[in-house]
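Chemist: sequence first, predicted coordinates after that:
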Amino acid sequence: MDALTLFGLFAVTMMLVCYAAEDRSRWFILAFAVSCALGSAYGFLQGAWPFGLVEAIWAVVAARRWLMRRTADGV
């Protein structure tokens, strides 16, 4: 297993963990956004640009959800 594959495995695993824990804290939503950005980088680095593009969109959607939740929590 090469370094790029390990990076991709890490990014996708973090996406799963953070998505499952989103109800516990708004910080997991932000961590999900970051892990989606990492997944996007992985997709582009390995040459699967459709995967990279979709993950980039998910990163923006998750970051927006984090901002909305932050505002709703009054912070």
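Modeler: Received, thanks.

Chemist: and Leu6, how many neighbours?
Modeler: 10 (other C-beta atoms under 10 Å). All C-beta spots, glycine's among them, are computed from the backbone N, C-alpha and C.

Chemist: and it, how far is that from Gln46?
Modeler: From Leu6 across to Gln46, the span is 12 Å (C-beta to C-beta, to the nearest Å).

Chemist: residue ranges with poor pLDDT in the protein?
Modeler: For the chain, the stretches with pLDDT under 70 are 75.

Chemist: could I get the full set of helices for it?
Modeler: For the chain, the helices defined by DSSP state H occupy 3-20, 26-46, 49-72.

Chemist: what's the most buried one of those helices?
Modeler: Among these, helix 26-46 has the highest mean neighbour count (mean count of other C-beta atoms under 10 Å), at a mean of 20.

Chemist: now for that one, which elements pack on it?
Modeler: helix 3-20, helix 49-72 (3 or more C-beta pairs under 8 Å, 6 or more residues apart in numbering; DSSP states H and E).

Chemist: for Ser35, find the nearest of these.
Modeler: Proximity to Ser35 (C-beta to C-beta) singles out helix 3-20 among the helices and strands packed on helix 26-46, at 3.9 Å.

Chemist: touching the closest one from outside, list them.
Modeler: Helix 3-20 has contacts (C-beta atoms under 8 Å, 6 or more residues apart in numbering) with 1, 28-29, 31-32, 35-36, 38-39, 41-42, 45-46.

Chemist: give me the distance between Gly74 and Arg26.
Modeler: Taking C-beta to C-beta, one finds Gly74 at 11 Å from Arg26.

Chemist: could you do Asp73 as well?
Modeler: Here Asp73 is placed at a distance of 6 Å from Arg26 (C-beta to C-beta).

Chemist: do the same with Pro50
Modeler: Relative to Arg26, Pro50 is positioned 30 Å away (C-beta to C-beta).

Chemist: what does Phe10 give?
Modeler: Taking C-beta to C-beta, one finds Phe10 at 22 Å from Arg26.

Chemist: that concludes my questions; thank you for your assistance.
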